[in-house]
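*Asks:* Give me a 3D structure for the following:
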Amino acid sequence: QVQLVESGGGLVQAGGSLRLSCAASGRTLSSYTMGWFRQAPGKEREFVAAIRWSSYYADSVKGRFTISRDNAENTVYLQMNSLKFEDTAVYYCAAKSGTFAYTPPRYDYWGQGTQVTVSS
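*Replies:* Numbering: from 1, shown residues only. A predicted model of the protein is given here:
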């Protein structure tokens with residue numbers, strides 16, 4: 001059973017930075033696609049970024065967010081710079097076997113989420 005645990009969320013002013021971490025256990029996920037999604041109140045869960053052999057980004061975060069992974073540590077990171085008020089959401093880490101996908105139902109495993117709040 002794969003478990004994903006996110007950390008690093010918090011309150012930050014607009015223009016600031018945060019780094020989210022997602023630690024995986026139960027299985028080595030080096031060949032998995034790892035994704036970050038977010039969900040704001042009253043909105044659907046949306047794709048943010050993903051990485052397998054390449055990285056992929058939503059247009060809304062391209063150039064500001066960077067996804068990376070440390071396979072030795074079975075951990076994925078999301079570096080978020082130039083944060084905006086509209087980035088406020090619960091951020092979820094997810095994993096899927098095989099190729100990249102940007103829709104939540106395609107992902108097999110999910111973390112519990114970490115809150116990111118950006119004050120304007």
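*Asks:* Name the nearest residue to Leu18, sequence neighbours excluded.
*Replies:* Leaving aside its sequence neighbours, Leu18 sits nearest to Met80 (CB to CB, 6 or more residues apart in numbering; 5.0 Å). Bear in mind the C-beta positions are built from the backbone N, C-alpha and C, glycine included.
*Asks:* Ignore what I typed, I meant Thr114.
*Replies:* Spatial nearest neighbour of Thr114, excluding adjacent residues (CB to CB, 6+ apart): Gly9 at 3.4 Å.
*Asks:* what sits against that neighbour?
*Replies:* Going by CB atoms under 8 Å, 6 or more residues apart in numbering, Gly9 touches 18, 20, 91, 114-116.
*Asks:* Need these in a markdown table (columns: secondary structure and pLDDT).
*Replies:* Converted to a markdown table, the contacts of Gly9 look like this (DSSP: H, G, I helix; E, B strand; the rest coil; pLDDT from 0 to 100):
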| residue | secondary structure | pLDDT |
| --- | --- | --- |
| Leu18 | strand | 98 |
| Leu20 | strand | 98 |
| Tyr91 | strand | 98 |
| Thr114 | strand | 98 |
| Gln115 | strand | 98 |
| Val116 | strand | 98 |
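*Asks:* List just the nearest of those to Trp36.
*Replies:* Among the contacts of Gly9, Tyr91 lies closest to Trp36 (CB to CB), at 6.1 Å.
*Asks:* Give the bridge partners for the closest one, please.
*Replies:* With DSSP bridges applied, Tyr91 shows beta-bridge pairing to Arg38, Thr114.
*Asks:* does the spatially most central residue of the chain count as helix, strand or coil?
*Replies:* With distances taken as CA atoms, centre = their mean, the chain has Trp36 as the residue nearest its mean C-alpha position (2.3 Å). Under DSSP: H, G, I helix; E, B strand; the rest coil, Trp36 falls in the strand class.
*Asks:* doesn't Ile67 make contact with it?
*Replies:* Yes. With contact defined as CB atoms under 8 Å, Trp36 counts as touching Ile67 (6.4 Å).
*Asks:* between these two, what contacts are shared?
*Replies:* In terms of CB under 8 Å, 6+ apart, Trp36 and Ile67 are both contacted by the residues 49-50, 76, 78.
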